[in-house]
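Participant: sequence and predicted structure are below.
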Protein chains: 2
Amino acid sequence: MDIQPLLAYIQKHVTLTPEEERYLAEHITIRRYLKGQYALQQGDVCKHSSFILKGCTRMFYVDDEGQEHIIMLCVEDWWSSDIGSFISQEPAQFNIQCLEDTAFAQFHVDTIEEVYAAVPKLERFFRKILERGLAASQKRIIRNFSMTAKERYLYFKETYPMIEQRIPQYMIASYLGITKEFLSKIKRQLAKEA
Amino acid sequence: MDIQPLLAYIQKHVTLTPEEERYLAEHITIRRYLKGQYALQQGDVCKHSSFILKGCTRMFYVDDEGQEHIIMLCVEDWWSSDIGSFISQEPAQFNIQCLEDTAFAQFHVDTIEEVYAAVPKLERFFRKILERGLAASQKRIIRNFSMTAKERYLYFKETYPMIEQRIPQYMIASYLGITKEFLSKIKRQLAKEA
DNA sequence: CCTAAAAGTTAATCTAGTTTAACTTCTTTT
DNA sequence: AAAAGAAGTTAAACTAGATTAACTTTTAGG
């Protein structure tokens, strides 16, 4: 598996020299999972910062009543880790499951600080994508408070048209914070309107 | 106003030399606002990354129906900016209003990259607090989906006991994503239980 | 190609939280 | 100390979305 998608993604934010690219490639591991497998399980410690080269994952939380809540649906060019567990090295609160055969490019927690020190541009890169991630997360909180379920669904469809095709409806419902039954009702309504 | 609280906060994450501290102090501006004033208004561009030395703010969004939604309540030692607007230099979606007389230590967007270049430890520092911020934001999304309003209120009280005293109830209700009437009902219920 | 399991639908009933509106404190200003 | 505005409370009527349960359709494995 080629790490080209990762390099291309990084180059959008910082410009690496060929040497730096080589160093990067040496400090990254490729890891593959089959559809259905877990890249991380609630309770385990998250040891990797993982970029999706190919495939698709869901990050979800199982609450005290046994109900699943999807926080993120990730496809190619997304980072899919429990960042809370990764930085604290405490047990993860989230599960990450592959929804298709998936290949990750992974930084290991034990060497990432060393990588930042050797290639400060990579620390800059992560600083930048964390800024974007935090801004996006705050906007999501707002959407959850200020939009109805129907509006959230329409926003999701419009913003991630490619994701809807690849993922079962009941997972999209969970991502939107509603039941699959209610999403079904929303879709019927929308079909009637059109 | 002394920037000591900021220095102490930074030193928790990275260790600055006296020289670096001096450089930092030269690239920071102190800005004061009175209770009720806006440090940022929806539609303006956020030019500063602001740390609260003293005081207290709310960051909120006004939706199409004119309703206010509070995303963050910030006190001393918190960063209070619209990070989405700050990094893109596009109009802010959020307002930041001071709920008490407030003093900020501010980095200006035009010089912050220069500061990162001069003191890479500061970029490291921001990378770390962004990681924490993103992890916290994800956990908040989960709480909003998996807890009832009553549970969210109890969590808030327990996690930020000092904030509840300083801020009107109706703002706490907005932060929790409920109406002030319903928070009132929850409090009555809790009082009865005890 | 068959069959079982997974995914999606429909509809009735129920509930957490909203809306509206009237009322009661509590603060602040004069 | 009075007045007025801001903050908080109460209760009745309402609604978005959950729950339950029975059903249909799609998918994938043997």
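Facilitator: Noted; the coordinates are in hand.

Participant: alpha carbons only for contacts and neighbour counts from here, please
Facilitator: Fine.

Participant: all strands for chain A, in order.
Facilitator: A:29-33, A:38-40, A:48-54, A:57-62, A:68-74, A:95-98, A:102-108 (DSSP state E).

Participant: is it possible to export these to JSON lines including distance to chain B?
Facilitator: As requested, those are exported to JSON lines (distance: least, C-alpha to the nearest C-alpha, whole Å):
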{"stretch": "strand A:29-33", "distance to chain B": "22"}
{"stretch": "strand A:38-40", "distance to chain B": "16"}
{"stretch": "strand A:48-54", "distance to chain B": "12"}
{"stretch": "strand A:57-62", "distance to chain B": "8"}
{"stretch": "strand A:68-74", "distance to chain B": "7"}
{"stretch": "strand A:95-98", "distance to chain B": "13"}
{"stretch": "strand A:102-108", "distance to chain B": "15"}
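
Participant: could you export those as JSON lines, including mean pLDDT and mean neighbour count?
Facilitator: Formatted as JSON lines, these follow (pLDDT from 0 to 100; neighbours: other C-alpha atoms under 10 Å in any protein chain shown):
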{"stretch": "strand A:29-33", "mean pLDDT": "96", "mean neighbour count": "17"}
{"stretch": "strand A:38-40", "mean pLDDT": "96", "mean neighbour count": "20"}
{"stretch": "strand A:48-54", "mean pLDDT": "97", "mean neighbour count": "23"}
{"stretch": "strand A:57-62", "mean pLDDT": "96", "mean neighbour count": "23"}
{"stretch": "strand A:68-74", "mean pLDDT": "96", "mean neighbour count": "21"}
{"stretch": "strand A:95-98", "mean pLDDT": "96", "mean neighbour count": "24"}
{"stretch": "strand A:102-108", "mean pLDDT": "97", "mean neighbour count": "22"}
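
Participant: any idea which of these gets closest to A:Gln11?
Facilitator: Nearest to A:Gln11, of all the strands of chain A, is strand A:48-54, at 14.4 Å by C-alpha to C-alpha.

Participant: angle of that closest one against strand A:68-74?
Facilitator: Relative orientation of strand A:48-54 with respect to strand A:68-74: 60 degrees, computed using axes from the mean of the first three to the mean of the last three C-alpha atoms, to 10 degrees.

Participant: report the angle between strand A:48-54 and strand A:102-108.
Facilitator: 150 degrees.

Participant: okay, the strands of chain A in CSV with distance to DNA strand C next?
Facilitator: Formatted as CSV, the strands of chain A follow (distance: least, C-alpha to the nearest atom of the strand, whole Å):
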stretch, distance to DNA strand C
strand A:29-33, 17
strand A:38-40, 15
strand A:48-54, 20
strand A:57-62, 12
strand A:68-74, 12
strand A:95-98, 12
strand A:102-108, 17
